[in-house]
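1. Structure here, sequence nowhere to be found:
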């Protein structure tokens, strides 16, 4: 069941989205060679605490997970696609890092992700990240009343496939509101004109995930959470929480870069 949000609810979600944006900005600023993933998680926790927000990630346990998620960020490095658990790993020159982060404030949730490199960036990584952002922008542009979920999926998939990248099979975006994951699902590839019709008041987390090697396959680490590319190639992830309004899509987790 899809809950249509009021203008007041969307404004409240924007406040949660601002916290997400500030936390992602702080984590990105903290990410330097030698800094651990646990330290990045601590940085995010401090931003949430200062804002009076809580984490929808911490303690989250979907049916596939053997244990609750133990952190407030997903930190996925190099060949990790999504859902990486922060640990003592210290960032190295040239690492490609994807950070996914959520915040709950006033009963509403925001969710966003960004990928970046630490130190000297590889040209191939820059292209991968730029394509992830382009796919996110294309999917967001398609999030208008009268379109369908398939139009968002098709827009994302077209950008990814044209660049030669893979799309992890079975993973994509989702509705969002009082809960982090709500209906409808938002695939990262699909046929235009298909699926649920988009209406003002719907709020979606749109999140392309790209695999540099071109395959759609992935493996899962023994922690039951971290997804990795099967060929060892790198991955990138980009996400925004987007409200569908009568005047077009509104990004609720706008980042300051």
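-> It's in. The model shown is predicted, which means the values in this text are computed figures rather than measured ones.

2. In contact with residue 57, which residues?
-> Taking Cβ atoms under 8 Å, 6 or more residues apart in numbering, we find residue 57 in contact with 69, 71, 72, 73, 74, 100, 101, 102, 180. For glycine as for every other residue, the C-beta is placed from the backbone atoms N, C-alpha and C.

3. Go again with 6 Å.
-> 69, 72, 102 (Cβ atoms under 6 Å, 6 or more residues apart in numbering).

4. Now do the same for the first one: helix, strand or coil?
-> In this case it means residue 69. coil (DSSP: H, G, I helix; E, B strand; the rest coil).

5. what about the helices in this structure?
-> For the chain, the helices defined by DSSP state H cover 7-30, 37-51, 123-141, 149-162.

6. got a markdown table for those helices, with mean neighbour count too?
-> Compiled in a markdown table, the helices of the chain are given as follows (neighbours: other Cβ atoms under 10 Å):
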| stretch | mean neighbour count |
| --- | --- |
| helix 7-30 | 20 |
| helix 37-51 | 19 |
| helix 123-141 | 19 |
| helix 149-162 | 23 |
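
7. Distance to residue 230 and mean pLDDT added to those helices, as JSON lines?
-> Formatted as JSON lines, the helices of the chain follow (distance: least, Cβ to Cβ, whole Å; pLDDT from 0 to 100):
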{"stretch": "helix 7-30", "distance to residue 230": "28", "mean pLDDT": "98"}
{"stretch": "helix 37-51", "distance to residue 230": "23", "mean pLDDT": "98"}
{"stretch": "helix 123-141", "distance to residue 230": "17", "mean pLDDT": "98"}
{"stretch": "helix 149-162", "distance to residue 230": "17", "mean pLDDT": "98"}
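
8. Need the pLDDT of residue 1.
-> Listed pLDDT for residue 1 reads 86.

9. er, residue 257 actually
-> On the pLDDT scale, residue 257 gets 46.

10. Next, count neighbours for residue 197.
-> Using other Cβ atoms under 10 Å, residue 197 has 11 neighbouring residues.

11. What sits closest to it if chain neighbours are left out?
-> residue 148 (5.4 Å; Cβ to Cβ, 6 or more residues apart in numbering).

12. Can you list the residue ranges for strands in this structure?
-> 73-77, 80-82, 96-105, 108-117, 173-175, 182-186, 203-206, 209-211, 218-220, 227-229, 235-237, 240-245, 248-251 (DSSP state E).

13. Export the ones you listed to TSV and append columns for mean pLDDT, distance to residue 31 and mean neighbour count.
-> Listed next are these as TSV, based on pLDDT from 0 to 100; distance: least, Cβ to Cβ, whole Å; neighbours: other Cβ atoms under 10 Å:
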stretch	mean pLDDT	distance to residue 31	mean neighbour count
strand 73-77	98	9	26
strand 80-82	98	15	23
strand 96-105	98	6	26
strand 108-117	98	7	25
strand 173-175	98	24	22
strand 182-186	97	28	18
strand 203-206	98	22	28
strand 209-211	98	20	28
strand 218-220	97	24	16
strand 227-229	98	20	21
strand 235-237	98	15	28
strand 240-245	98	20	25
strand 248-251	98	23	18
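
14. Could you point out which of the ones you listed sits nearest residue 3?
-> strand 182-186 (6.8 Å; Cβ to Cβ).

15. and that closest one, which strands flank it?
-> If you go by DSSP bridges, strand 182-186 pairs up with strand 173-175 (antiparallel).
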